[in-house]
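J.: test case, fold it:
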Amino acid sequence: MFTHEPKGYKVRKGTVIFINGTSSSGKTSISKELIKILKEDFMYLSVDHAISGVNDMLMNMFGEHITREDIRRIEDEEIIEKPVISLFHHYILAFAMAGKNIIVDHVLVDPKWLEECVQLLSDTRTFLIGVHCPINELERREQERGDRPIGLASAQYTIVHENIQYDLEVNTHMNSVSECANTIRDFIKTNEPRVLQTFYTEAKEPSQ
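T.: Predicted coordinates for the structure are as follows:
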């Protein structure tokens, strides 16, 4: 169950395209393509950028006393990850409340992250999109790109989509990035989101 209620937000103005998938699944490439083909202006919010931005902030504020190695240790031990991720989720809500259109690039590896997104965004026009790719292709891409820890995609693979239903799912191995982006664009033009509201309604129902 969720621990607290949404604060009565009735937000309908902005559209949120919330993309969830493993590292190297193609989320960022799809996001960039969507920004190019969508007629409306969309902001891009990445959970990776949120975490790296906090790391840079810590260095700027306390660089005389800490090193990059200290920052890496803090990140590895996930000391401040939870509040940073929560702040990221509240950014999404804040921009949606301001009527902004947003593309969110996320990796929902913690069930509590999904719970928080549901309670914050269930009353917004948020489409939950799942991006899939087989593990052997993920590992090939991971090796090829060279900017991600080897094994990251594999570690996320079995949990990132666990117990999650989507408004729409795409596969970047079976379809090109352009095809996936066009599928998402066409879907949000002719449909309304339902999954987050369904999750929220089910979570409020008393346990049997």
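J.: please identify the helix or strand for the nearest residue to Ile159 once chain neighbours are set aside.
T.: Of all residues not flanking Ile159 in the chain, Val109 sits nearest, at 5.4 Å (Cβ to Cβ, 6 or more residues apart in numbering). All C-beta atoms are positioned from the backbone trio N, CA, C, and that covers glycine. Using DSSP states H and E, Val109 sits within no helix or strand.
J.: what does Glu69 give?
T.: Here Glu69 is assigned to helix 68-76, by DSSP H and E.
J.: mind listing residues that contact the following helix or strand past that helix?
T.: Downstream of helix 68-76, the first helix or strand assigned by DSSP H and E is helix 81-97. Applying Cβ atoms under 8 Å, 6 or more residues apart in numbering, the contact partners of helix 81-97 are 9, 11, 13-14, 16, 18, 43, 45, 47, 50-51, 54, 75, 102, 104, 110, 113, 116-117, 120-121, 124-126.
J.: after helix 81-97, next one along is what?
T.: strand 101-106.
J.: and that following strand, what does it pack onto?
T.: strand 15-20, helix 27-37, strand 42-46, helix 47-62, helix 81-97 (3 or more Cβ pairs under 8 Å, 6 or more residues apart in numbering; DSSP states H and E).
J.: the shortest one versus strand 15-20: what angle between them?
T.: Okay, so that is strand 42-46. For strand 42-46 against strand 15-20, the angle by axes from the mean of the first three to the mean of the last three Cα atoms, to 10 degrees is 30 degrees.
J.: burial count for Thr126?
T.: Neighbour count for Thr126, taken as other Cβ atoms under 10 Å: 27.
J.: kindly apply the preceding question to Arg148 instead.
T.: A count of nearby residues for Arg148, using other Cβ under 10 Å, gives 14.
J.: same question, the one 3 residues further on
T.: Neighbours of Gly151 under the rule other Cβ under 10 Å: 11.
J.: how about it: what's its closest non-neighbour residue?
T.: Spatially, and ignoring its direct neighbours in sequence, Gly151 is nearest to Glu142 (7.9 Å; Cβ to Cβ, 6+ apart).
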